[in-house]
Each structure stands twice: as structure tokens, then as C-alpha cells.
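Visitor: One predicted model, sequence on top.
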Amino acid sequence: MKRPVLLPALVSLALFGTLVTGCAKKHSTPEVEPTGAACAQPSPSPEPTGSSSADSLYRNTASHSRPLANITPGPETTPNPSVVVINSNPSGLCAQLSTDGGTTYSKIGNTPLKNTPPFNQTPLVYQIIPRNGNGAFSYAMDQTANGNKTLLYNQTADTSGSMSVQNYLSYKKRVIKSKVNRASLGKHRPGTWFGKPAFSTTLVEVRYKAALLQQEGRQALDLERAANGQAGYNIGFLKSGLQTRVVRVANGDSIDGLTSRLKTNKEVYDVHPVGLRYKTSTNPVIPNDTLFDPVDQWDMYHIQMPNAWGYTEGLPNGLSIGIIDTGADDTNPDIAPKLIYGESDINGVQTVGLGTGGSQDEDGHGTNVSGIASADTNNGEGVAGVGFLTPIKIFRIFPYGNNTSANTTDEAQAIYNAVSVQHVNVISLSLGSAENGGWDSVENDAIQYALSNNVTVVAAAGNERTEEVNAGVDFPGAYDGVIAVGATSLNDSADPCNPEDISQCNPNSPTFEYVSSYSNVGPQLSIVAPGGDPSDSNDEDPLHWITGLYTNTPYGQSPGCASGTGPVCLALYAGTSQATPHVSGTVALMLAKNSQLTPAQIKSTLQSTADDISDPNEGYGRLNAYRALAAVVGDNNNIASPTPQNFIVFAYDNGVANGDDNQVTPHIIDITYPNGLQVNQDGTFRIADLQSANNDKYRIAVWADLNGDGKVDVGDYFGYASTTCTTAGPCESAQGIVASPVTSGFVLP
């Protein structure tokens, strides 16, 4: 079995230092005394097919030993508690609350009521118990200290539904065998439209009203000559009474001039420049880094980095990733060339510069995550980084020493500096605070400042989940707008194959890749990415670890790497810390293709293009960098269709109520889930949060917004119930909705 170069001592460090955390915060918020035992359950009628979002979030996976987190108690801060307003139709239904993620419930009263839950990082789950025998309506709180919430259950309109995806292809991962002569591989850069003209500067398309031309006894060619157009010709068909022709702009004329002259004729319906299209399919790019193979960097193959790099290898200038961590080793040749700025922010003191005293790493963690995000790639040694050409700006917030913790105030200052002074494009935070009380107002303000300045923030979900307890998503990952990342690993023991050539493994086996046993789960979880899951510190299977960089100057040790291992210092790591920079590097590549993407668009795109690995703890799925980049550039060639869990379901009233016009932006009328509810992995869903006023008409729709722009447009998938419904009863047409690719000219039904 091929194994990476590593020090035995570093294996232990990698296991027990997987998530470097900031100070844990304790909180003092009003506790809600439950009014009694759980609500009595009525005699059940047949269970609805759909389930609410809380039902699939907290199932435990098989038992594994898990990496430990380093938690240090910190100063006390108190967030403003949320007030949850709970209503139902009919009123008087029993409501209950679970503070342990859905294991045990206590009754809190009967609707309508208000509830101020205790601050709790473990997800809080509310339930309302119907009287008609349907299953409980569950709502998992996405935040416990960020404004008031409204929970509405309408028993009358409680609807269960299902969906499928048209032409869904069973997704086969492109696995490239190791042990090949990489020098003999041809590298084919992709053709793409990005950076090229979207429209012709010499041709216009003109649509004529054919009946009016005939009525007036005029010829399109005569109108074109009068407008100084050249060499017009027909597109050979009539559509809706319109004849389309292509007309060339004369030398010395302009598109705008010809367009305006043609539009003066009443026979002309419209005039547009001719759109341009480019080939956008990609060929894989295989870097020559010595450890880039399906074993040592299995993680890169599973998120399809070779094909993602076919779209772009990133930008060496004008774009950067801000890593806020323990620093980075500027003596490790596989990361040093990518470090273009460094500073330390320790206890309010800022020191600018790479190297000792500044951002030099004496822990190893920061060097490792920096390498995953964007190691020096295609340099003939070491490992490849997701960001490929993307430079890194490093901000050290952890003091030197063993097992140190960072202040959230230093973290906040580093975020402000990264955004306002260094102008980074994405911030990567492989840190967090576990147990109750992760909220910190200063930290949250800094996060929101970054997001408001169009800087995407990616953070680790945390490593605290056990068989018995799910601690919930760590902060800062749990703040609104942050892309919270969990970890996955490979289960090659359950799906035996040769670890030196995993191309023979079955990548579609539900046991082949799974959410790591320690990876935190909760409503805030966005996606998961490779992070490993070793059984213990003696686990020598490279498929259970992430092989990456390490510092040459670890605190209290010299040298960092054993003699004879070469200048590139390596170690094995596992944790959501390692999963996070896979996403951060992918975000940098997305921005290299479209710098105008907003953090919300990026988050939506990553979630809508993630792969379903059939694990209930995966959020929207496992990162697929190839599909994310394909969505950004508009390439649908040979890209697998989204799976049901990439969709949201919602009720909307465009065009069917209150005289609203059809649009491409749905007017969602759900109360509890105003941004839509994630469809279950099996394609089922349940909508029961609609107002009963006036029995207004609505439709139910499913939508995968693949480009994240908030509009139903080309490149997305959309499906809707065949008939309109009212809140007077369940929507019977919600079963069997088929989602199809959106085509040009789409308007909401």
C-alpha cells in the first residue's frame, strides 16, 4: 500500500488537533420551564409520505472514534434571545420543544403561544401535534439568538408530496487511476464564454410581423435596405406569426444605429443583437504534484477537481483567500510561493509580515488548511491545492505555544483587516467553539461586515458529534450567511477494493462515502466535503485521512520533519477543519470565473450542485467542485442532473392570486419556511405552513437554483403541481411533481 511521508508523532497531532478552536463562550439566558411531559399523541392515521426538515437531520451514523476538539473557556457574552411565535389552525394544538436535537420533548403549551427558548447550540426542535392523526409538524431552529421566529401549522392545508427529476442520470464519478505516466497526458484547456463578447457586433436578428408585411405589400428585404442593413436572410420558419431574419451591419455603421432604424417600421416586432455561444465542456487537468493521485489525495478526486480545473485554475493576481488560523509556514516550499501577505493579530497587537513574529506557523494546523485551499500546484512536488493558482493572505490569531486558543476579538479584527485593508475575496475559518454558548456578538458583527462587503465566509461545522449527542453546528459556522462545512470519509472496509487503485471501487455504493462520525449536524449545515475519519491515531489507511502540509517549525520541536523526507513537510489530518478549505478553494475558483457572484449566490450554487452521498447528515450534499464551476459558466454538457435533496419546495402565488403577474422570481407564501424547505433525499416533502385567509389560490413548486441568482432561469431545474390549490384542504396535485431543465423564455406558471 502506498503511503505518504509522515512522522509517527504527527499522526497523533493530526488526530487530536483536528479542529483548532476559539474561546468557548458561556451564556446566561432565560430558561423556559416546560409545562409538563411530552404532548399526548393521537391515534395515528396513515403517516404522510413527506416529513419535515427536522426528521432527517439528526440520525446517528455508525460508531467511530472521533477527533477531539480543543476547547478553552472564554469571556461571557449574552446574545439577545429569540421569541418564537407559535400559531396553528385550528388553535389549541399541543406544542412541545426538544433541547437535545429531537431525542426528548417537553410540552410548552397549546397554540397560540409565545416561547423564549434557552440559548442552546444543540439544535432546538419544536413540534405541533395535529388532531387528525397526521404526524407531528417539526421545525428545527436555524438560529437561537438572531431575531424572532414564526412557526405556523395549518392542519387543514397539510400537504404531503413527492418529486422526481426528469432524465436523472446515475452519477458516475470520474476516477483517474494512480501510477500513470502523467508527462504523457495531453492537457486541454477549456473553451468558455467568460470574458468573451456575449453578443455579435456585426449581426442583428429581426422578427417581422408576417401578416402585416403581407397586408402592406412590403418585403423585409426592402425595409432592411432602407435601414442600411446588409445581406439579410431568413431563419426558415414562422413562429407565432413572426418571421425571423438575420441582418448584417454595414461597414461604418453600428448595432445600435441599425437597430433603431429598423424599429421605426410598424412591421418590425423586435430587433436584438445575435447572441454568441462558446464550447464550455472541460477536459481534466492533472497537475504533476507527486502525491496527486486517487490514494494520497482521494479528496481531490471525489470532489472532481481535475474537471473543475478544466474550467479555471484560478487567478494568480486580483483574487485571494484569507486564511484566519495559526499562521502558515513560509519555509515549506509547497505553500511559501502562494503566501503574498501575512500578519498576526494577538491580544489586540497587530504585527505585519510573514515569518517569525508575524504569521509563521508553529502549530501546523494553519499550514495544513492553507495547503488544502491553495498549495503550490503543478510544481512537481508535494500536494495539489483546490485553488491551484489562487494566492493566500494569512492572518494568525493563535498565540505560539501548545494547545493555545484564540480570542474572538482578535478573530474579528483579523476579519476586518482581511476585508477592508487586504480586500480578500473569501475568508476561511477552520475554527469554532463547541458546547453551549458559541454565540459572540463581536464575532458575528465581523462576519456580517464581511458578508455585507461581498466577501464569502466559509467555516467548519465542528467535530463534536457522538452516538449520544449532536452538539450542533459550531460558531462561527452557525451564523447567518456563513457556509458551514461538515466532513466526509471513505468506508473502504465496507466496500472492499484495492486502495492503491480505487478506480475499481464502486463510487455509487451508499457505504463508500459517508459523513464522518464526528462531524456536527444541524439546520445551519450547508454542505460536507472530504475530512477523513480515522478509527484512532494508529489508523494507517490513507483513505481515512487527508494528506497535507505541515510546518517545518513546530513549537517545541526541531526539526518539524524527519530527516530524509524532503523539503515538503507533510502530515495526516482529519476533521471539519480539513473539509472547510476544500470549499474555500472552490469559492475562489468560482469567483475567478465570475467576480460578481454574491456570498448568497455562491452558497446557493454550492448547495444546489452538491452530490447526494445517501447520508442523512450531509446537509445539501457533498461538495462537487466540477458541477459548481459548470453552473457558474453555464455548462450543462454531460453534467449530472441535480438530485431531489438539491431542491427546495415552496408554495407561491404569482399569477394565481391577487392579480399578480407571472414572473421569474417566485413570491413564496410559506410562513415558517419563507425561503423554501429542502426536499427530502427520497423526493418527498411536506408543506403545512400556509395562512388560511380567504382560501387564496397557490401552486406548489420544486426548484434547484443552480446558478444561485434567485431567478428561475436557464440552467435551473423547476417543477410544479399540475393544478392550483387553496388552503381549504390539502393540495392533491403535489404528488409526482417532475422537475425539468428550465429553457429560454420561462415564466412562472
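Guide: Everything's here; your move. The model shown is predicted, which means the values in this text are computed figures rather than measured ones.
Visitor: Tell me who's in contact with residue 247.
Guide: The contact partners of residue 247, taken as CB atoms under 8 Å, 6 or more residues apart in numbering, are 203-206, 224, 229-232, 258, 262. Heads up, the C-betas are built off the backbone N, CA and C, glycines and all.
Visitor: so how far is the longest helix anywhere in the chain from its chain's centroid?
Guide: Counting residues, the longest helix in the chain under DSSP state H turns out to be helix 576-593. Relative to its parent chain, helix 576-593 has a centroid offset of 10 Å by CA atoms, centre = their mean, to the nearest Å.
Visitor: same check, this time on stretch 116-127
Guide: So, by CA atoms, centre = their mean, the centroid of stretch 116-127 is 24 Å from its chain's centroid.
Visitor: Just the buried residues of that stretch, please?
Guide: Buried residues in stretch 116-127, defined by neighbour count with 16 or more other CB atoms under 10 Å: 117, 119-127.
Visitor: Could you export those residues as JSON lines, including distance to residue 287?
Guide: JSON lines is the format used below for the buried residues of stretch 116-127 (distance: CB to CB, whole Å):
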{"residue": "117", "distance to residue 287": "49"}
{"residue": "119", "distance to residue 287": "46"}
{"residue": "120", "distance to residue 287": "45"}
{"residue": "121", "distance to residue 287": "39"}
{"residue": "122", "distance to residue 287": "42"}
{"residue": "123", "distance to residue 287": "40"}
{"residue": "124", "distance to residue 287": "45"}
{"residue": "125", "distance to residue 287": "45"}
{"residue": "126", "distance to residue 287": "49"}
{"residue": "127", "distance to residue 287": "51"}
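Visitor: Which ones among the residues you listed map onto strands?
Guide: Per DSSP state E, strands hold the following members of these: 125-127.
Visitor: hey, where'd the helices end up in this structure?
Guide: For the chain, the helices defined by DSSP H cover 8-16, 210-216, 220-226, 255-262, 298-302, 305-311, 365-374, 408-420, 441-452, 576-593, 599-608, 625-633.
Visitor: and the fifth one, what does it pack onto?
Guide: Taking 3 or more CB pairs under 8 Å, 6 or more residues apart in numbering; DSSP states H and E as contact, the helices and strands that helix 298-302 lies on are strand 483-490, strand 525-530.
Visitor: What's the mean pLDDT across that helix?
Guide: Model confidence over helix 298-302 averages 89 on the pLDDT scale.
Visitor: okay, now residue 114: neighbour count?
Guide: A total of 12 residues lie near residue 114 under the criterion other CB atoms under 10 Å.
Visitor: Could you report the pLDDT at it?
Guide: With respect to pLDDT, residue 114 has a value of 94.
Visitor: Would you mind putting the CA coordinates of the longest helix of the chain into PDB?
Guide: Presented in PDB, the C-alpha positions along helix 576-593 are these (Å, rounded to 0.1, in the frame of the first residue of the first chain):
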ATOM      1  CA  THR A 576     -14.100  19.600   9.600                       C
ATOM      2  CA  SER A 577     -11.100  21.900   9.600                       C
ATOM      3  CA  GLN A 578      -9.800  20.000   6.600                       C
ATOM      4  CA  ALA A 579     -13.200  19.900   4.900                       C
ATOM      5  CA  THR A 580     -13.600  23.700   5.100                       C
ATOM      6  CA  PRO A 581     -10.700  24.800   2.800                       C
ATOM      7  CA  HIS A 582     -11.900  22.400   0.100                       C
ATOM      8  CA  VAL A 583     -14.900  24.700  -0.100                       C
ATOM      9  CA  SER A 584     -12.900  27.900   0.300                       C
ATOM     10  CA  GLY A 585     -10.700  27.000  -2.600                       C
ATOM     11  CA  THR A 586     -13.700  26.100  -4.700                       C
ATOM     12  CA  VAL A 587     -15.300  29.500  -4.000                       C
ATOM     13  CA  ALA A 588     -12.100  31.200  -5.200                       C
ATOM     14  CA  LEU A 589     -12.300  29.300  -8.500                       C
ATOM     15  CA  MET A 590     -16.000  30.300  -8.900                       C
ATOM     16  CA  LEU A 591     -15.100  33.900  -8.400                       C
ATOM     17  CA  ALA A 592     -12.300  33.600 -10.900                       C
ATOM     18  CA  LYS A 593     -15.000  32.800 -13.500                       C
END
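Visitor: right, and out of the buried residues of stretch 116-127, which lies closest to residue 622?
Guide: The nearest member of the buried residues of stretch 116-127 to residue 622, counting by CB to CB, is residue 123 at 20.8 Å.
Visitor: Apart from its neighbours in sequence, what residue is nearest residue 539?
Guide: In space, not counting the residues next to it along the chain, residue 539 is nearest to residue 545; the distance is 7.5 Å by CB to CB, 6 or more residues apart in numbering.
Visitor: Out of the helices of the chain, the one nearest residue 354 is which?
Guide: The nearest among the helices of the chain, by CB to CB, is helix 365-374 at 11.9 Å.
Visitor: ok, how many other residues are close to residue 320?
Guide: 24.
Visitor: domain assignment for this protein?
Guide: Here the domain assignment for the chain is 8-160, 162-167+638-741, 199-275, 287-633, based on automatic domain parsing.
Visitor: OK, contacts around the residue lying closest to residue 258 once chain neighbours are set aside?
Guide: Spatial nearest neighbour of residue 258, chain neighbours left out: residue 249 (5.2 Å); criterion: CB to CB, 6+ apart. Taking CB under 8 Å, 6+ apart, we find residue 249 in contact with 201-204, 229-230, 255, 257-258.
Visitor: Now the buried members of those residues.
Guide: Among those, the ones that count as buried (16+ other CB under 10 Å) are 202-204, 229, 255, 258.
Visitor: Closest one of those to residue 334?
Guide: So of the buried ones among the contacts of residue 249, ranked by how close each gets to residue 334 (CB to CB), first place is residue 202, at 48.6 Å.
Visitor: Contacts only, for the closest one.
Guide: In this structure, residue 202 makes contact with 248-249, 255, judged by CB under 8 Å, 6+ apart.
Visitor: Specify which member of those residues is nearest to residue 604.
Guide: Checking the contacts of residue 202 one by one against residue 604 (CB to CB), the nearest turns out to be residue 255, at 33.9 Å.
Visitor: Was I right to think the closest one contacts residue 205?
Guide: No: counting by CB atoms under 8 Å, residue 255 sits too far from residue 205 to count as a contact (11.1 Å).
Visitor: Next one: the residue nearest to residue 539 from residue 230, what distance?
Guide: Separation of residue 545 from residue 230 (CB to CB, to the nearest Å): 65 Å.
Visitor: would a markdown table of the helices and strands packed on helix 298-302 with mean pLDDT, distance to residue 617 and mean neighbour count be doable?
Guide: Rendered in a markdown table, the data for the helices and strands packed on helix 298-302 read as follows (pLDDT from 0 to 100; distance: least, CB to CB, whole Å; neighbours: other CB atoms under 10 Å):
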| stretch | mean pLDDT | distance to residue 617 | mean neighbour count |
| --- | --- | --- | --- |
| strand 483-490 | 93 | 7 | 30 |
| strand 525-530 | 95 | 8 | 28 |
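Visitor: out of those strands, which comes closest to residue 152?
Guide: strand 525-530 (24.1 Å).
Visitor: for the closest one, packing partners?
Guide: Applying 3+ CB pairs under 8 Å, 6+ apart, one finds that strand 525-530 makes contact with helix 298-302, strand 483-490, helix 576-593, helix 599-608.
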